[in-house]
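In: I'll drop the sequence and a predicted model, then ask my questions.
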Amino acid sequence: MKLIDIHKNPSLNNGESKWNNQKLDKELQIIEFKDSEEGKLSLKINPKVVQYYFCIQGKLNFSFPESSYQITLKDKECFFFYNPDKALEPRLHCSENSQLLLIYCSLEKIHDLFLDKNQGIDFLKNENINRKFYRQDDLSIEMELAINQIQNSRMPDNLNKVFKYAKTLELLSLYFSNQSAQNVASCPFLNQESIGKIKEAKDLLIKNMAEPPTIAELASKVEINEFRLKEGFKSMYGTTIYNYLMDHKMNLAKSLLDSKEYKVQDVAYDLGYSNASHFISSFKNKFGVTPKKYLQNS
């Protein structure tokens, strides 16, 4: 089964070499983009293919020549796309300094991967097998980390494909897990206004992670009571506000250390730790090794 075709048309694909196209197996293919210049790509996609678009940085615009339908995906967002009716031919245009990961997977493989879990995944239910599905979400911290590991792999060539294959499957699992965690229908007291305020609180928390506001201050800033903020946050993101912030800090620390551009004490300072030993202790609690050991083994 051929998953996708890249149109061989220079006017549609400027700098095609910037798009790293890799077939991980016969039913799973990824395309990576990480460049300082803008990029365009035109595809033809098999109708039995499930599509995932992840934007770490920059902006990605979709357009469809046969219609006026357009989609914009901004940084820290992801998009799920499935249309069994016909082969689609989207044109992708990403802004300069974008970092993107595109995944194309056969429906059969998705079924195999999530066979025991499909009760919680709407588009895999038998009654929905011929329906279109579109969904746009925020990236979770864990998904962002997995994408960075895929795009910054330092594995030897003979192991790189296996590593990316494993990480791509991990990313798909995290994607569906993230959907479940953000299923606000399970939390009846959350209306659309509350959802927006809780997302705003999450953004404020991350923006000020070096000196985070207290829960009381956070609730005051987004104009929601503390109980609704704490319970709603846990319903939407699957964990407490404190644990979410700690996970974000530690996953960011791991990503910074992976870059080999930061010393342990610099990472600790950037994350708001006045004492590096407290950072080292938190890192070890999360990953089972100290930052120094992690650097030595990576």
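Out: Looks like it arrived, so ask away.

In: buried ones in stretch 210-224?
Out: For stretch 210-224, burial by neighbour count (16 or more other CB atoms under 10 Å) applies to 212, 215, 218-219, 222, 224. In short, each C-beta sits where N, CA and C put it, glycine included.

In: same deal with stretch 100-108?
Out: Here stretch 100-108 shows 100-107 as buried, counting by 16+ other CB under 10 Å.

In: not counting the helix or strand residue 293 falls within itself, show me its contacts.
Out: Per DSSP states H and E: residue 293 is located in helix 291-297. Residues from elsewhere that reach helix 291-297 (CB atoms under 8 Å, 6 or more residues apart in numbering): 253-254, 257, 264, 267, 279-280, 283, 287, 289.

In: swap in 6 Å and give it another go.
Out: Outside helix 291-297, the residues that touch it by CB atoms under 6 Å, 6 or more residues apart in numbering are 257, 264, 280, 283.

In: look up how far residue 286 lies from the third one.
Out: Residue 280 sits 11 Å away from residue 286, taking CB to CB, to the nearest Å as the criterion.

In: so where's the stretch 1-150 of the chain uncertain?
Out: 1, 8-17, 66-68, 115-130 (pLDDT under 70).

In: give me that answer again for 90
Out: The model of the stretch 1-150 of the chain has pLDDT under 90 over residues 1-19, 34-40, 47-48, 57, 62-76, 79-90, 96-97, 107-146, 148-149.

In: so what's the residue count around residue 296?
Out: Residue 296 has 9 neighbours, counted by other CB atoms under 10 Å.

In: what's the distance between it and residue 252?
Out: Taking CB to CB, one finds residue 296 at 20 Å from residue 252.

In: got it, and residue 290?
Out: Separation of residue 290 from residue 252 (CB to CB) stands at 17 Å.

In: quick one: the helices in the stretch 101-250 of the chain?
Out: For the stretch 101-250 of the chain, the helices defined by DSSP state H, counting those that start in this stretch cover 107-113, 141-151, 157-181, 192-207, 215-222, 226-237, 241-258.

In: now the ones you listed in CSV, with distance to residue 88?
Out: Putting those into CSV (distance: least, CB to CB, whole Å) gives the following:
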stretch, distance to residue 88
helix 107-113, 14
helix 141-151, 23
helix 157-181, 20
helix 192-207, 30
helix 215-222, 38
helix 226-237, 31
helix 241-258, 33
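
In: would you mind finding the most buried of those helices?
Out: helix 141-151 (a mean of 21; mean count of other CB atoms under 10 Å).

In: could you find the closest non-adjacent residue to residue 164?
Out: The spatially closest residue to residue 164, leaving aside those adjacent along the chain, is residue 150, at 5.4 Å (CB to CB, 6 or more residues apart in numbering).

In: residue 83 now?
Out: residue 132 (4.8 Å).

In: test my guess that the one you found contacts residue 80.
Out: No. Judged on CB atoms under 6 Å, residue 132 makes no contact with residue 80 at a distance of 11.2 Å.

In: these two: which has the busier surroundings?
Out: Ranked by neighbour count (other CB under 10 Å), residue 132 and residue 80 place residue 80 first, with 18 against 11.

In: phi, psi of that one?
Out: phi -110, psi 140 (degrees, to the nearest 10).

In: thought it was touching residue 136?
Out: No. Look at residue 80 against residue 136 with CB under 6 Å: they stay out of range, at 7.8 Å.

In: which residues do those two both contact?
Out: Going by CB under 6 Å, 6+ apart, no residue sits against residue 80 while also sitting against residue 136.

In: buried residues in stretch 76-94?
Out: 76-84, 88, 90-94.

In: what lies in contact with it?
Out: Contacts of stretch 76-94 (CB under 6 Å, 6+ apart): 39-45, 47, 50-55, 58, 60-64, 73, 100, 123, 130, 132-137, 139.

In: restricted to buried residues, select these in ChimeraX.
Out: The buried subset of the contacts of stretch 76-94, as determined by 16+ other CB under 10 Å, is captured in ChimeraX by this line:
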select :39,40,41,42,43,45,50,51,52,53,54,55,58,60,62,73,100,123,137,139
